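Colleague: Pasted the sequence and its predicted model underneath.
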Amino acid sequence: MKKTLITTLFILLASICVFAQSLLYKVTGENMQYPVYIYGTIHALPQADFFIDSVVIEKFAEADKLVLEIDMSNPNMAFEVQSAMMMKDNSIDNILTPEEYARLSKFFADSLQMPIAMLNSVKPLMLSSFLLPKLIGTQVASYEGYFMQQAVAQQKQIGGLETVVEQISHLDMIPLPQQAQMLMESIDDFNKSRSEFKRLVETYQSRDVEAVYQVVMETEEEYKEFGEFLIDKRNENWIPKIIELGNAQTTFVAVGCGHLGGEKGVLNLLRNEGFEVKMME
């Protein structure tokens, strides 16, 4: 099944009640002084589909620190994101054909009430983030936002597994022309984008990280070419950082669910390092 750029973003850069499954895992072992709880998120979804299981609330309260993919408490994060999402010496109208640029301009004007000229220097992959409110609806929920609010309220430390620059550098592995092609596929068949996103949310609601991983991996050849950088290499980079966290304090780690499943997923990599990874029900 061919995936659009929006579905790819929900990966990275992503409520059927099945109690036999869980999105929360406890990591322990001889080389880890404190437990690390790892929770698989979806970065944005409709508020009506948002859920938090009681075991997640319980284990989050036990943790001393919250760690996300990036440290959202960083006061410079907005500036870093804005800087990293811009193209240097290039613009979207130079990458697209005149016909494609006209379709993109019309979509942004008609559907988003936003002139594309204001965003000409934004990388195509980042431009798709402007489509998310239309895709999801007016009431958007965020697990990262929820955990951030809870961490502040409970006076927990907050950190990140990678910096904004590191995260976007992995996205930059996709050449700009291919990013632009994926963007155009998203807007040219927006109903397909919406359908794919709905399937991702429904699978996420099953609380089955392996099923989410399979949905993520059912993608086009262009994405498979860069999956190593978007997911696998990042997973590898996170393992020593997670182990270090477990030797400092009890930590609650929340990352995109697509990073957890599969042979090269975070959970299996930790098992390969000799740690016990237990599903929390």
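Modeller: Yep, it's here.
Colleague: After the lengthiest helix in the chain, heading C-terminal, what element do we hit next?
Modeller: For the chain, the longest helix by residue count, based on DSSP state H, is helix 190-205. Proceeding N to C from helix 190-205, the next assigned helix or strand is helix 209-217, under DSSP states H and E.
Colleague: on that earlier part again, give me the angle between the longest helix of the chain and helix 209-217.
Modeller: Per axes from the mean of the first three to the mean of the last three C-alpha atoms, to 10 degrees, the angle that helix 190-205 makes with helix 209-217 is 160 degrees.
Colleague: what packs against helix 190-205?
Modeller: helix 5-11, strand 45-46, helix 132-136, helix 209-217 (3 or more C-beta pairs under 8 Å, 6 or more residues apart in numbering; DSSP states H and E). Glycine gets a C-beta too; all of them are placed from N, C-alpha and C.
Colleague: Could you tell me which ranges of the protein sit under the pLDDT cut-off?
Modeller: 1-20, 219-225 (pLDDT under 70).
Colleague: what about the strands in it?
Modeller: Remark: strands assigned in the chain by DSSP state E are 24-29, 32-41, 45-46, 65-68, 140-141, 157-160, 251-256, 276-279.
Colleague: Next up, the contacts around the residue nearest to Leu96 when sequence neighbours are not counted.
Modeller: Leaving aside its sequence neighbours, Leu96 sits nearest to Ala180 (C-beta to C-beta, 6 or more residues apart in numbering; 5.6 Å). Counting by C-beta atoms under 8 Å, 6 or more residues apart in numbering, Ala180 makes contact with 92, 95-96, 100, 124.
Colleague: next one: Ser22
Modeller: If you count contacts by C-beta under 8 Å, 6+ apart, then Ser22 has 53, 55, 207, 279-281 around it.
Colleague: can you rerun that using 10 Å?
Modeller: Residues in contact with Ser22 (C-beta atoms under 10 Å, 6 or more residues apart in numbering) are 39-40, 53, 55-56, 207-209, 278-281.
Colleague: Also Phe252?
Modeller: Phe252 sits next to 24, 35-39, 56, 59-68, 147, 150-151, 156, 245 when contact means C-beta under 10 Å, 6+ apart.
Colleague: same thing but at 7 Å, please
Modeller: Taking C-beta atoms under 7 Å, 6 or more residues apart in numbering as the criterion, Phe252 is in contact with 37, 39, 59-60, 63, 66.
Colleague: List the beta-bridge partners for it.
Modeller: Tyr37, Leu66 (DSSP bridges).
Colleague: Could you check how far it is from Leu66?
Modeller: Phe252 is 5 Å from Leu66, where distance means C-beta to C-beta, to the nearest Å.
Colleague: same deal with Ile136?
Modeller: Ile136 is 24 Å from Leu66, where distance means C-beta to C-beta.
Colleague: higher neighbour count, those two?
Modeller: It is Leu66, of Ile136 and Leu66, that has more neighbours when counted by other C-beta atoms under 10 Å, with 25 against 19.
Colleague: Run a quick neighbour tally on Asn191.
Modeller: Residues near Asn191, counting by other C-beta under 10 Å, number 7.
Colleague: what do you get for Met173?
Modeller: Other residues lying near Met173 total 12 when counted by other C-beta under 10 Å.
Colleague: quick one: terminal-to-terminal distance for stretch 136-143?
Modeller: End-to-end distance for stretch 136-143, by C-alpha to C-alpha, to the nearest Å: 14 Å.
Colleague: If we go by neighbour counts, what in that stretch is buried?
Modeller: 136, 141-143 (16 or more other C-beta atoms under 10 Å).
Colleague: For stretch 31-46, buried residues please.
Modeller: 32, 34-46.
Colleague: so which of the residues you listed comes closest to Leu267?
Modeller: The nearest member of the buried residues of stretch 31-46 to Leu267, counting by C-beta to C-beta, is Ile38 at 7.2 Å.
Colleague: that older thread, for Met86, see how far away the residue nearest to Leu96 is.
Modeller: As judged by C-beta to C-beta, Ala180 and Met86 stand 15 Å apart.
Colleague: With Met184 instead?
Modeller: Plainly put, Met184 is 20 Å away from Met86 if you go by C-beta to C-beta.
Colleague: count of residues packed around Asn120?
Modeller: 15.
Colleague: Nearest residue to it in space, please, no chain neighbours.
Modeller: Ser91 (4.2 Å).
Colleague: No further queries at this time; thank you.
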